[in-house]
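[1] Sequence and predicted model, in that order:
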Amino acid sequence: MTNMNQDKQATYAAIDAWIDEHFDEEVKFLQAMVQVPTDTPPGNNAPHAERTADLIKDFGFDAEKHVVPEADVKAYGMESITNLIVRRQYGVQGDGGKTIALNAHGDVVPPGEGWSKDPYGAEIEDGKLYGRAAAVSKSDFASFTFAVRALEAVAKPSKGAVELHYTYDEEFGGLMGPGWLLEKGLTKPDLMIAAGFSYEVVTAHNGCLQMEITVQGKMAHAAVPHTGVDALQATAVLLNALYGENVKYKQVTSQVPGIKHPYLNIGRIDGGTNTNVVPGKVMLKIDRRMIPEENPVEVEASIRAVIAQAIADFNTQGGYTGEDAVRVDIKRLLLANAMTPLDGNKPLVDAIQKHGEAIFGEVPPAVGTPLYTDVRLYVERGIPGVIYGAGPRTVLESHAKRSDERLVLEDLRRATKVVARSLVDLTA
């Protein structure tokens, strides 16, 4: 037993040394990933997949290119998606080995304003690499790829398999990314690790309901406002009702560490035609985060009831009836279920915590996160998964979805070691 432990420790040390030796190469690979824009919207992501496939070919990795049909992508609201699967088989089926999938998404929100550096320049300054998706989650295109390379170069596993899933629909919900691969039966791993941050193992996350609400009034000239029905005034009543729900949500707490309470965000409002016209139509988009304990069907029904009551109150107070009554149309844009821990995720949590402590000097806690991700699509199909990868302690620290997104390169180096060491254990 002592000799076996010594052999494992020697393997871990050799893994670390290989990653250190190839780290400059890993950083250049990440820079190449960041330098190909994948703004979503508009969601023209196929060029990035082609670039990724070309680069990993130099590592001896052949990527299967799974092109989502153009009509499906356009109907979904994006322009192009090519999902990639790299299959690395180490044993034969039936040998007791597990297939472990590593998933990172390449699609990102547009850079926005306020950058001090080129969002797609992948500049390095003070040990940090700057660029959109440097932290979320092109960093894990690099960490996962080089972890597998280190595993094969050093440990040379003879059982099980590893799959790299590079997918391009997380920002819109994942249905055309991992969801599409899983629905088509193109993959069915035993375990999976998805892109995340280095200082915690995420085992659960919030669900998300997104809706588009259109408030329809009646346009009129501003000189004779009584001839119209102001959709914006009706929307103001609706906004107050929706924001009032957040006061109630604070009383609904989750038992999952890292997750607090539900929250409703109104992220976009469009309406009106001109300054001298009574607004006839207003559209708003809402995002309702659901804690794991909530029932999504009940949450949606509750919000629809709040909306209906607010518009009814406006019509009653204004005396609007018949054709003059304000109408409201509700369209569900996304319903992402929460990720709940599966019993089978223990080997993943144990391996990552063990090696996280060895590399970072502290045990990364197993917690939930208020974000939602496409990991839920694996978990919904009974595939135990966790979220772990290269990144800082918090989303705020990474500047994800804000200007000057950045990744501390030492976190990339260490997370790659943790993932590679964990793969040694999981494929043993």
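    Here it is on my side, so go on. Numbering: from 1, shown residues only.
[2] Apart from its neighbours in sequence, what residue is nearest the residue positioned nearest the centre of the chain?
    Geometric centre of the chain, nearest residue: residue 373, 3.7 Å, by Cα atoms, centre = their mean. Residue nearest to residue 373 in three dimensions, not counting chain neighbours: residue 205, with 5.9 Å by Cβ to Cβ, 6 or more residues apart in numbering. Quick note: C-beta positions are derived from backbone N, CA and C, even for glycine.
[3] partner residues bridging the one you found?
    residue 339, residue 369 (DSSP bridges).
[4] next structured bit after the helix-or-strand element of the chain with minimal mean pLDDT?
    None of the helices or strands of the chain scores lower by mean pLDDT, DSSP states H and E than helix 395-398, at a mean of 87. Next helix or strand after helix 395-398 toward the C-terminus (DSSP states H and E): strand 406-408.
[5] Just checking: what are the partner strands of that next one?
    Counting by DSSP bridges, strand 406-408 is paired with strand 128-130 (antiparallel).
[6] Would you mind pulling the contact partners of the lengthiest helix in the chain?
    The longest helix of the chain (DSSP state H) is helix 296-318. Residues outside helix 296-318 that contact it (Cβ atoms under 8 Å, 6 or more residues apart in numbering): 207, 209, 211, 213, 215, 229, 233-234, 237-238, 240-242, 245, 262, 264, 286, 288, 290, 320-321, 325-328, 330, 332, 335, 337.
[7] Narrow the residues you listed to those in strands?
    207, 209, 211, 213, 215, 264, 286, 288, 290, 327-328, 330, 332, 335 (DSSP state E).
[8] Where does residue 117 sit: helix, strand or coil?
    Following DSSP: H, G, I helix; E, B strand; the rest coil, residue 117 is assigned to coil.
[9] any idea how far residue 375 is from residue 43?
    Using Cβ to Cβ, to the nearest Å, residue 43 is found at 20 Å from residue 375.
[10] ok, these two, which is more surrounded?
    Taking neighbours as other Cβ atoms under 10 Å, residue 43 and residue 375 compare with residue 375 leading, 26 against 22.
[11] if you skip the residues just before and after it, what's nearest to that one?
    Closest to residue 375 by Cβ to Cβ, 6+ apart is residue 194, at 4.4 Å.
[12] Can you get me a residue count around the one you found?
    Neighbour tally, residue 194, other Cβ under 10 Å: 30.
[13] pretty sure it contacts residue 136?
    No: using Cβ atoms under 8 Å, residue 194 is not in contact with residue 136; the gap is 11.4 Å.
[14] wait, what's in contact with the closest residue to residue 256 other than its chain neighbours?
    Counting by Cβ to Cβ, 6+ apart, residue 368 is the residue found nearest to residue 256 once chain neighbours are left out, at 3.7 Å. Shown in contact with residue 368 (Cβ under 8 Å, 6+ apart): 202-206, 254, 256-259, 292.
[15] For residue 71, see how far away residue 80 is.
    12 Å.
[16] What are the structural domain limits within the chain?
    As recorded under the TED database, the domains making up the chain are 1-205+338-427, 207-336.
[17] Buried deepest among those, which one?
    Each of the domains of the chain was scored by mean neighbour count; the highest is domain 1-205+338-427, a mean of 20, by mean count of other Cβ atoms under 10 Å.
[18] Just the pLDDT at residue 70, thanks.
    Note for residue 70: predicted pLDDT of 97.
[19] For the nearest residue to it once chain neighbours are set aside, grab phi and psi.
    Nearest non-adjacent residue to residue 70, counting by Cβ to Cβ, 6+ apart: residue 80, 7.2 Å away. The phi and psi values for residue 80, taken as degrees, to the nearest 10, are phi -160, psi 140.
[20] who's residue 80 bridged to?
    Beta-bridge partners, per DSSP bridges, of residue 80: residue 44.
[21] for it, what are its contacts?
    Residue 80 is in contact with 43-47, 70, 73, counting by Cβ under 8 Å, 6+ apart.
[22] Mind pulling up the pLDDT for it?
    Predicted confidence (pLDDT) at residue 80: the value is 98.
[23] Quick one: the helices in the protein, in order.
    With DSSP H as the criterion, the chain has helices spanning 2-21, 23-34, 46-57, 70-76, 139-150, 178-183, 231-249, 296-318, 346-360, 375-379, 395-398, 409-426.
[24] In a markdown table, list those helices along with distance to residue 114.
    Listed next are the helices of the chain as a markdown table, based on distance: least, Cβ to Cβ, whole Å:
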| stretch | distance to residue 114 |
| --- | --- |
| helix 2-21 | 34 |
| helix 23-34 | 18 |
| helix 46-57 | 24 |
| helix 70-76 | 29 |
| helix 139-150 | 21 |
| helix 178-183 | 31 |
| helix 231-249 | 26 |
| helix 296-318 | 32 |
| helix 346-360 | 31 |
| helix 375-379 | 30 |
| helix 395-398 | 15 |
| helix 409-426 | 23 |
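[25] Looking at these, spot the one closest to residue 273.
    helix 231-249 (10.8 Å; Cβ to Cβ).
[26] one step back: how far out from the middle of the chain is the longest helix of the chain?
    Distance of helix 296-318 from the chain centroid (Cα atoms, centre = their mean, to the nearest Å) equals 30 Å.
[27] Over to stretch 360-373?
    15 Å.
[28] Good, wrapping up.
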